[in-house]
Structures are given as structure tokens and as C-alpha cells.
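A.B. asks: Next comes the sequence, and after it the predicted model I'd like to discuss.
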Amino acid sequence: MRRSFLSLAVLAAASLFASAGFAQAWPSKPIRAVVPFAPGSATDQIGRAFVAEMSKTLGQTIIVDNKPGVNGMLGAAEVAKAAPDGYTILIGTNSTNAALKSLMKQLPYNQDTAFAPLGYMGSVPLIVAVNNDVPAKNLRELVALARSKAGHVTFASASTSQLVSTEMLASMAGVQMTNVPYKSGPAAMTDLIGGQVMLFTADFAVMLPQVKAGKIRGLAVTSTKRSPAIPELPTVNEALGLKDYELIAYFAMFAPAGTPPDIVARLNQAINAAASSKELQEKFAPIGFAVEPGTPESLARRTQLETAKWAKAIRDAKIEPQ
């Protein structure tokens with residue numbers, strides 16, 4: 001029995017030593033960060049800035065891999081199926097890690113169990129904007145235009161936040177508008193400017209430069225308070241006399257479920273160091289991006305709450321799962 005005990009002790013020590021050695025060796029090669037949206041989108045811009053800072057902390061290159069499609073589902077599914085070794089991570093959003101569960105009849109992964117939370121990055125409000133030729137000069141006039149003819153007002157969407165924000169607005173205002181789906185936010189913006197669609201609600205990274213340049217007309221912001229980045233725009237609540245309208249996009253990082261805790265801890269440390277970067281904060285302050293460092297555990301709790309919140313928003317907006 002004494003020999004058996006000693007043998008078990010030796011094996012346990014060897015296992016711990018091997019685990020520690022693996023953690024110390026990681027990362028020994030480039031890490032792939034999957035962005036489930038197109039180049040130029042807010043997720044892409046913010047994700048690239050974060051991983052550039054994280055590379056400094058980890059001492060290893062992080063390569064961004066854009067895998068857009070189906071409101072982020074294609075990229076998220078790829079990460080869910082990847083090896084849980086810390087070399088594939090997801091730049092996740094409210095689409096991939098909260099809303100898709102309620103938007104799709106079936107996902108190729110279990111949204112609740114497929115990912116290991118790494119760290120929260122931050123959030124950004126959206127801007128409701130129209131093509132300059134649309135006669136509505138404010139949000140109340142746009143609602144009146146939509147009310148005059150059901151389905152007449154067309155709106156673009158390329159992500160969950162873009163779709164749900166507009167459908168929720170229409171539902172709360174008691175009007176019907178026609179959705180025109182796009183594969184990417186930049187493509188939707190091109191058609192908004194060109195007049196192929198009338199309305200688009202999207203994050204500041206996509207919207208604000210075009211509003212400032214006068215290429216489109218901003219009508220409102222989707223947060224409960226006006227944004228310092230464009231204080232002249234009212235909130236949706238102010239513009240329509242509502243109380244409970246709010247929808248913001250957020251960003252967070254995830255790894256495949258089963259990723260070792262020590263690797264999760266190191267990635268979380270790198271994410272928080274990036275979020276604390278003054279250079280990164282100053283870069284994205286003009287688009288209303290608010291960083292919020294935290295633990296993997298706090299992101300797990302937030303993900304549960306956000307999943308319930310988006311499920312309610314999607315039900316209230318009467319969006320049928322596809």
C-alpha cells in the first residue's frame with residue numbers, strides 16, 4: 001500500500017509539473033482571433049485594437065481572422081469547434097453570445113456551454129440614421145412616414161443589434177418597416193448613402209463618420225443618455241416620448257469550452273491590460289466606446305443576464321426565429 005501511495009504521489013506531481021510546464025510554454029505560437037463580422041465593422045476595429053495591445057502583454061502575435069455570416073454565427077461556430085488550447089479565441093458580441101439563441105431555431109453549437117468566458121471589452125451605443133433624401137427630418141417624422149404606409153420604410157441590418165434595435169423601435173412606436181438584410185455593416189452603409197435603403201441603425205464606428213460628413217442624417221441614439229460624441233442627437237426615448245427604449249452593442253472575448261484555467265487567466269490579464277491602455281481608450285472615445293475590464297466570472301454572469309435581456313427584446317419586437 002505504501003508503494004501504491006508513493007506511485008500515485010509521483011504521478012500526481014508529474015502531472016502538475018507537466019501542466020505548469022505547458023502553461024509556462026503558452027503561447028509558443030501565434031494566436032488566432034476570429035472576428036465573426038466583416039473587416040471595417042465595429043467588432044473588427046475594436047477587436048484589432050485590443051489584440052494589438054494583447055500581443056504586447058503575451059509576447060506573441062495574434063492574427064485576426066474575419067469570418068462573417070449569419071449575424072456572427074459562422075465565426076462563433078468555428079471557435080466553438082476549435083481545440084481548447086488557447087490558440088483560437090472569439091471576439092464575441094451580443095449577437096454571438098446572447099441574442100443568436102433567440103434569433104435562430106437551431107445553432108450549430110450550444111450557446112450556453114460552448115465557450116469559456118475570457119473578459120469583457122466594452123460597449124457602444126447605436127445611431128438611427130436615414131438617407132439624406134428621406135423627407136423625415138427627425139425620428140417623430142420618420143415614424144409618421146412609416147405609419148402612413150405599412151412596410152414603406154426600408155431598413156438595413158447586418159447584425160443582431162442592428163436588426164433588433166430597429167424592430168424594437170418599430171414595435172414600440174407601433175409601425176411596420178421592411179428589413180433588408182446585409183452581410184456586412186459597411187455594405188449596408190454604402191446602400192444607405194446610395195438610397196437603396198431608407199434607414200439604418202448601427203454602431204458609432206460605422207455611423208458617426210458618415211453623419212459628421214453629412215452623407216447621411218442622424219436622427220437619434222439608442223442609449224438612455226445622449227452621447228458626448230454627438231450631443232446634438234436626442235435619445236430615442238427623448239425623440240418619441242418613450243421611457244424604456246435602450247439597446248447598446250457590446251464586445252467580449254471567449255475561448256472554446258475546456259480551455260485550461262491558467263490560460264484563461266493569462267488571456268484575461270491581457271484583455272484587461274488592453275482595456276486599460278490610454279492609447280486605446282483615446283482612440284475609441286470619439287465613437288462612444290466605454291471600456292470595462294473585469295474577470296471571466298463577471299463576464300459569465302453578464303452573459304447570462306444579457307441572454308435573458310435579448311430574448312425579451314426579440315420577443316417584444318415580434319421577431320420570428322429563422
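C.D. replies: It's in.
A.B. asks: contacting residues around the helix or strand harbouring P209?
C.D. replies: P209 belongs to helix 204-212 when elements are defined using DSSP states H and E. Residues from elsewhere that reach helix 204-212, judged by CB atoms under 8 Å, 6 or more residues apart in numbering: 40-42, 45-46, 124-127, 129, 185-186, 189, 193, 200, 216-218, 227, 229-230, 284, 286-289. To be clear about C-beta, it is placed using only N, CA and C from the backbone, and glycine gets the same treatment.
A.B. asks: Okay, and which of those map to strands?
C.D. replies: Those of the contacts of helix 204-212 mapping onto strands are V124, P125, L126, I127, A129, F200, I216, R217, G218, per DSSP state E.
A.B. asks: For the residues you listed, which two are the farthest from each other?
C.D. replies: Within those, two members stand farthest from each other by CB to CB: V124 and R217, at 20.1 Å.
A.B. asks: which residues in the protein form helices?
C.D. replies: 2-25, 42-58, 73-80, 94, 100-103, 139-148, 160-173, 185-194, 204-212, 236-240, 261-275, 278-284, 296-316 (DSSP state H).
A.B. asks: the more surrounded of V124 and R217?
C.D. replies: Legend: neighbour count by other CB atoms under 10 Å for V124 and R217, higher for V124 (24 against 18).
A.B. asks: show me what contacts that one?
C.D. replies: Counted by CB under 8 Å, 6+ apart, V124 has contacts 42, 46, 203-205, 248-251, 284, 287-290.
A.B. asks: so it bridges to which residues?
C.D. replies: Going by DSSP bridges, V124 is paired in beta bridges with A249.
A.B. asks: same check, this time on G119
C.D. replies: M253.
A.B. asks: Let me know the distance separating it from P84.
C.D. replies: Using CB to CB, to the nearest Å, G119 is found at 17 Å from P84.
A.B. asks: These two: which is more packed in?
C.D. replies: G119 (25 against 16).
A.B. asks: I figured the more buried one hits V291, correct?
C.D. replies: No. Here G119 does not reach V291: they are 10.8 Å apart, not a contact under CB atoms under 8 Å.
A.B. asks: any shared contact partners between those two?
C.D. replies: With CB under 8 Å, 6+ apart, G119 and V291 have common neighbours A275.
A.B. asks: roughly how far apart are the closest residue to K67 other than its chain neighbours and L139?
C.D. replies: Among residues not flanking K67 along the chain, G75 sits closest, at 3.6 Å (CB to CB, 6 or more residues apart in numbering). Going from G75 to L139 by CB to CB gives 33 Å.
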